[in-house]
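[1] I would like the atomic coordinates for the input below:
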Amino acid sequence: MVAGALRRLGLGALDALLPPHCLTCDAPVDAQGGLCATCFGKLAFVSAPYCARCGVPFPHAGMGTPMADGAWCDACVEAPPAFTAARAALRYDAGAKALILPFKHRDAVEMARPLARHMARAGRELLAEADMLLPVPLHRWRLFARRHNQAALLAAALSRLSGVPHRPLLLRRLRRTRPLGEMGARDRAMELEGAFGLAPGAARLLAGRRVVLVDDVLTSGATADACARALLAGGAARVDVLAAARVPDPRMEGA
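    Below you'll find the model as predicted:
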């Protein structure tokens with residue numbers, strides 16, 4: 001009780017010195033790390049219906065192929081990913097970009113906790129059964145240029161919120177890869193072949209464990225799939241994916 005009172009007192013003093021403002025604009029808010037009503041209203045949360053496997057949003061109910069765990073999108077039916085399920089908090093649109101792009105490219109590390117709160121809600125079923133959280137790793141040269149791995153910051157924040165331990169160093173990116181955006185599925189797979197591996201001793205910690213792989217944005221799922229393959233080969237029992245945002249499939253949006 002004393003610790004809680006001291007914490008509230010400290011936060012009150014901080015708010016008096018630095019009045020809280022919206023994370024994405026200058027509007028005043030009630031507490032540090034919050035969004036104003038206007039900016040919050042611009043967020044599009046991922047909710048059903050979506051692909052039970054990769055988490056891509058379906059434009060309307062009735063889409064997808066019925067499977068044992070729910071409806072799958074065509075891409076997952078044709079080539080099931082190595083991960084079992086992927087979930088995301090937000091659709092990757094203008095509202096999500098206002099949070100994620102400064103976090104990713106402009107050192108706005110304060111975005112990690114509010115994003116993680118949304119992720120914890122979206123992935124509560126995955127987190128309830130997880131043994132550990134692992135971030136998608138950056139290659140060392142990209143980490144040097146960016147100065148932080150946004151996926152690792154999200155995993156650390158999720159760990160604090162959920163109590164699931166995070167292991168930021170078990171999975172490694174072994175070589176740099178080219179941007180995947182303009183590549184087809186086959187070229188993405190070739191580009192990512194052998195790009196990820198395990199740190200020495202990681203197999204002992206992974207054996208029989210359920211892993212949640214954490215990332216900021218899930219686009220095609222190719223990177224998550226490559227990471228999942230490396231983790232499953234190292235002994236993990238199951239790999240799920242939890243992202244801050246999911247890019248919708250443009251092929252479905254006009255359906």
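[2] so what's the closest residue to residue 122 other than its chain neighbours up against?
    Of all residues not flanking residue 122 in the chain, residue 89 sits nearest, at 4.2 Å (Cβ to Cβ, 6 or more residues apart in numbering). Using the backbone N, CA and C atoms, a C-beta is placed for each residue, glycine as well. Listed by Cβ atoms under 8 Å, 6 or more residues apart in numbering, the contact partners of residue 89 are 45-46, 115, 118-119, 121-123, 243-245.
[3] Please list only the buried members of the residues you listed.
    46, 115, 118-119, 122-123, 243-245 (16 or more other Cβ atoms under 10 Å).
[4] out of the contacts of residue 89, which are inside strands?
    Among those, the members found in strands (DSSP state E) are 243-245.
[5] pLDDT for the residues you listed - can I get that in JSON lines?
    Compiled in JSON lines, the ones in strands among the contacts of residue 89 are given as follows (pLDDT from 0 to 100):
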{"residue": "243", "pLDDT": "98"}
{"residue": "244", "pLDDT": "97"}
{"residue": "245", "pLDDT": "97"}
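[6] Could you look up the next helix or strand downstream of the strand or helix carrying the residue nearest to residue 122?
    Residue 89 belongs to strand 86-91 when elements are defined using DSSP states H and E. Where DSSP H and E defines the elements, the next helix or strand beyond strand 86-91 is helix 94-105.
[7] so that next one versus strand 86-91, what angle?
    Angle, helix 94-105 to strand 86-91, by axes from the mean of the first three to the mean of the last three Cα atoms, to 10 degrees: 110 degrees.
[8] Can you give the contact residues for stretch 201-212?
    Residues outside stretch 201-212 that contact it (Cβ under 8 Å, 6+ apart) are 123, 126-127, 129-134, 164, 167, 170-171, 198, 231, 234-242.
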